[in-house]
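J.: Quick one, fold the following:
(one chain, ligands or ions: 3)
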Amino acid sequence: MTLSKNKFDFEELLNRHHLKKTSPRLRVLSMMSSKSTATSQPDLESVMNDIDRVTLYRILSAFEEKGIIHKVFDLNGTANYAMCLSNCEENHHHDEHLHFNCSNCKNVYCLEELSMPAINVPAGFKIEALNLYATGICPKCSKKSPAK
Ligand SMILES: [Zn+2]
Ligand SMILES: [Zn+2]
Ligand SMILES: [Zn+2]
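T.: Residues are numbered from 1 along each chain as shown. Ligands and ions are numbered 1, 2, ... in the order given. This is a model prediction of the structure:
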């Protein structure tokens, strides 16, 4: 396995957010950052069946609050989480990238490399959060079943 360029120093990350370095927290971070798609709590539960659901839930909410991960919804309406880029802050996320929902495998991808169009809202409106979702077929699924 090669080191991905998005490899985080998880211990340093927890330190920076004043979170204690516990093994469940480090495992959640390493699993989430190793995937190219967002991860739901049930996904984590199936891999880390020695960590109870309440603990996992608390880890995810703490990470989200600290600006380490962000929440995205899949087509089933299930909350999924993905690693944030480093510019997210506590209680202030900047994950304004396209979230691609695959209608076949139901995975959610963060397409961070796309540049976002500027959104001009009418006077009087102030954008605090912007969510962009696209639905379609991901590269993995289009390989499996070529378009008709
Ligand atoms: Zn974020
Ligand atoms: Zn897919
Ligand atoms: Zn994202």
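
J.: residue ranges with poor pLDDT in the chain?
T.: For the chain, the stretches flagged by pLDDT under 70 are 1-8, 145-148.

J.: Could you show which parts of it are in contact with ligand 1?
T.: 70, 84, 88, 93, 95 (C-beta under 5 Å from the ion). Yep, even glycine has a C-beta here, placed from its N, CA and C like the rest.

J.: at 8 Å what do you get?
T.: With C-beta under 8 Å from the ion as the criterion, the chain meets ligand 1 at residues 67, 68, 69, 70, 84, 85, 88, 93, 94, 95.

J.: burial of the fifth one, as a residue count?
T.: By the measure other C-beta atoms under 10 Å, the count of residues near residue 84 is 20.

J.: Skipping adjacent residues, who's closest to it in space?
T.: In space, and not counting its chain neighbours, residue 84 is closest to residue 70: 5.3 Å by C-beta to C-beta, 6 or more residues apart in numbering.

J.: Need the three-state assignment for the one you found.
T.: Three-state assignment for residue 70 (DSSP: H, G, I helix; E, B strand; the rest coil): strand.

J.: for residue 25, helix, strand, or coil?
T.: Secondary structure for residue 25, judged by three-state DSSP, is helix.

J.: and it, what is it in contact with?
T.: The contact partners of residue 25, by C-beta atoms under 8 Å, 6 or more residues apart in numbering, come to 10, 14, 19, 59, 63.

J.: Pull the most distant pair out of those.
T.: Taking C-beta to C-beta, the two most distant members of the contacts of residue 25 are 10 and 59; they sit 12.4 Å apart.

J.: between those two, who's got more neighbours?
T.: More crowded of residue 10 and residue 59, by other C-beta under 10 Å: residue 59, with 24 against 17.

J.: I'd say residue 99 and residue 133 touch.
T.: Yes. With contact defined as C-beta atoms under 8 Å, residue 99 counts as touching residue 133 (5.0 Å).

J.: any residues in contact with both of the two?
T.: residue 72.

J.: and the two? which has more neighbours close in?
T.: Using other C-beta under 10 Å, the more surrounded residue of residue 99 and residue 133 is residue 99, with 21 against 13.
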